[in-house]
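Q: Sequence first, predicted coordinates after that:
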Amino acid sequence: MENLARLTTHIRTELAKVIIGQQEIIDQLMIVLACGGHALLEGVPGLAKTLTVKTLARICALGFQRVQCTADLMPADVIGTNVFNLAMSAFTLHRGPIFTDLLLVDEINRTTARTQAALLEAMEERQATIDGVRYSLGSNFTVFATQNPVEFEGTYPLPEAQLDRFLLKIKIDYPSAEDESAILKRFEALTDAHLIEQVPLAPIDPALLAAARAEIAQVRVEPALYQYIVSLIRRTRDWPALSLGASPRAAIGLFIVARAIAGMEGRDFLIPDDIKAAAPAVLRHRLMLKPEADLEGLTADTVIAEILSAVEVPK
C-alpha cells in the first residue's frame, strides 16, 4: 500500500493548506477518486464544496470544469454540440464542460430531468454521444455533484436511476467552533478572499493515482466477507422501514469502497469494520424510506445502522 499511503498523505497535507477541518469529507473525496467513482455532495451553501473539489483537482494535476445548474440549462450546454463553421463549410465539435477530468455539477437538482439524464451515459460508460457519434472521456473522469438539502423550491429531485450512479453520497456539516475560528483567522491574513485559491500547492506525480488504484485492486477479500456484503444488501430489500432497497451496483460499490478504506488504513486485506465504515456513504442515497418511517423521524443513516446491527458479522 506504499503508493496509496503516499497519495493519501500528500493530498491531506496539501488540502490542509486551503481547507480547515472536514477530514472525514476529504478522505471520502479521496476514496471516490481512488475508486474511479462519482460523488453526490450534500450540504448548505458556504461549506467550501466547490473550493475543496477545485483544490483537489489542482493537487492531482487534473483538469477541472464547473457547471452551474439552472432550470434552463440544456443537455448541449453540458456535453457540447456540433456548430457549423462558415470558414470551413463544415460542422465542428464544440466540446462541453463534460470533457474534463473532475466535473463539478453545482446544485444538480436545480436543472431538469432531461439535462440530468445527459450525465447518465458519461457517469456509467465514460463516454458522451453527440449527434450519434460517441466520444470517449478520460479514465480519470469524475463527477462531483452538489445539492442543497434544505431548499426544495424550483428543484427537480434526482431519480433513483441517477442516484444509483453515484458511488458515495457525502454529507457535509458545519465545521466545529475551533475550525470556524481558524477559518476566520486564515482569511484575516488575506487582502482578498479569492487569494485562498492561489495558495501554492505541490501536485502529485501523474502516475501515482493509477498506482494507488492498482494497489486497491490487490486488497485480499476472504470468501466470508463476500457473503457479508451480500447479506447486508439483501436485508435492505426486505427491511420493514424501506420501500426500496439497494441494487447489485450498490453491492459492488460497497465492495470497492471497503477495499479502498482497508488500503488507506495500510492493510492489504479486508475486515468487516471496513465494510461497516463504507456502508453509510455508499447506501444512504440508494434507499427509499416508507412514508410512515419518514413521519416517525427515521433517516437512511439510522436504518443502515439498524441493518448493520442485525446482520451477523463473520468471524
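A: Arrived safely.
Q: How about the contacts made by F64?
A: Going by CB atoms under 8 Å, 6 or more residues apart in numbering, F64 touches 53-54, 57-58, 100-104. Any C-beta I mention is one placed from the backbone N, CA and C, and that applies to glycine too.
Q: now A246
A: Contacts of A246 (CB under 8 Å, 6+ apart): 233, 236-237, 283, 286-287.
Q: so the most centrally placed residue in the chain bridges to which residues?
A: With distances taken as CA atoms, centre = their mean, the residue of the chain nearest its centroid is A39 (1.5 Å). Per DSSP bridges, the residues bridged to A39 are F144, L168.
Q: Contact partners for it?
A: Contacts of A39 (CB under 8 Å, 6+ apart): 28-29, 32, 142-145, 166-170.
Q: Next: R259.
A: By CB under 8 Å, 6+ apart, the contact set of R259 is 216-217, 219, 221, 270, 274.
Q: What residues of the helix ranked longest in the chain count as buried?
A: Taking DSSP state H as the assignment, the helix of the chain that covers the most residues is helix 248-264. Judged by neighbour count (16 or more other CB atoms under 10 Å), helix 248-264 contains these buried residues: 250-251, 253-264.
Q: Okay, buried residues for the helix or strand E24 falls within please.
A: Taking DSSP states H and E as the definition, E24 sits inside helix 23-35. Across helix 23-35, burial judged by 16+ other CB under 10 Å covers 25-35.
Q: now swap in stretch 3-14 and tell me
A: 3-4, 7-8, 10-11, 14.
Q: what does stretch 307-315 give?
A: Those buried within stretch 307-315 under the rule 16+ other CB under 10 Å are 307-308, 311.
Q: can you tell me which of the residues you listed are in strands?
A: Among the buried residues of stretch 307-315, no member falls in strands (DSSP state E).
Q: residue ranges for the strands of the stretch 101-250 of the chain, please.
A: All strands of the stretch 101-250 of the chain, identified by DSSP state E, counting those that start in this stretch, fall at 102-106, 127-130, 133-136, 142-147, 168-171, 242-244.
Q: For those, give me TSV that also has mean neighbour count, distance to Q198 and mean pLDDT.
A: As requested, the strands of the stretch 101-250 of the chain are arranged in TSV below (neighbours: other CB atoms under 10 Å; distance: least, CB to CB, whole Å; pLDDT from 0 to 100):
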stretch	mean neighbour count	distance to Q198	mean pLDDT
strand 102-106	24	18	95
strand 127-130	16	32	90
strand 133-136	11	33	91
strand 142-147	25	21	94
strand 168-171	22	26	95
strand 242-244	15	45	92
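Q: between those, which gets nearest to I79?
A: strand 127-130 (4.6 Å; CB to CB).
Q: Could you spell out the sheet neighbours of that closest one, each with its direction?
A: strand 133-136 (antiparallel).
Q: Please compute how far the strand it pairs with lies from its chain's middle.
A: Relative to the chain's own centre, strand 133-136 is displaced by 24 Å; criterion: CA atoms, centre = their mean, to the nearest Å.
Q: Dump that strand to CSV, keeping only the CA atoms.
A: Written as CSV, here are the backbone C-alpha positions of strand 133-136 (Å, rounded to 0.1, in the frame of the first residue of the first chain):
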residue,chain,number,x,y,z
VAL,A,133,-21.1,9.9,-32.5
ARG,A,134,-19.5,8.5,-29.3
TYR,A,135,-16.7,10.5,-27.8
SER,A,136,-14.5,8.8,-25.1
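Q: Contacts for it next, please.
A: 93, 95, 99, 126-129.
Q: how about stretch 211-220: buried residues?
A: For stretch 211-220, by 16+ other CB under 10 Å, it's 212-213, 215-216, 219.
Q: for the record, mean pLDDT for that stretch?
A: If you average the pLDDT over stretch 211-220, you get 94.
Q: which residues sit against it?
A: Contact with stretch 211-220 is made by 1-4, 6-7, 34-36, 256, 259-260, 262-263, 267-270, as judged by CB under 8 Å, 6+ apart.
Q: One more pass at 6 Å, please.
A: 1, 3-4, 7, 34, 259-260, 262-263, 268-270 (CB atoms under 6 Å, 6 or more residues apart in numbering).
Q: Same check on stretch 174-194?
A: Under the contact criterion CB under 6 Å, 6+ apart, stretch 174-194 has outside partners 20-21.
Q: And stretch 99-115, end to end?
A: 16 Å (CA to CA, to the nearest Å).
Q: Contacts for it next, please.
A: So stretch 99-115 is contacted by 53, 57, 62-70, 73, 75, 138, 140, 142-147, 155-156 (CB under 6 Å, 6+ apart).
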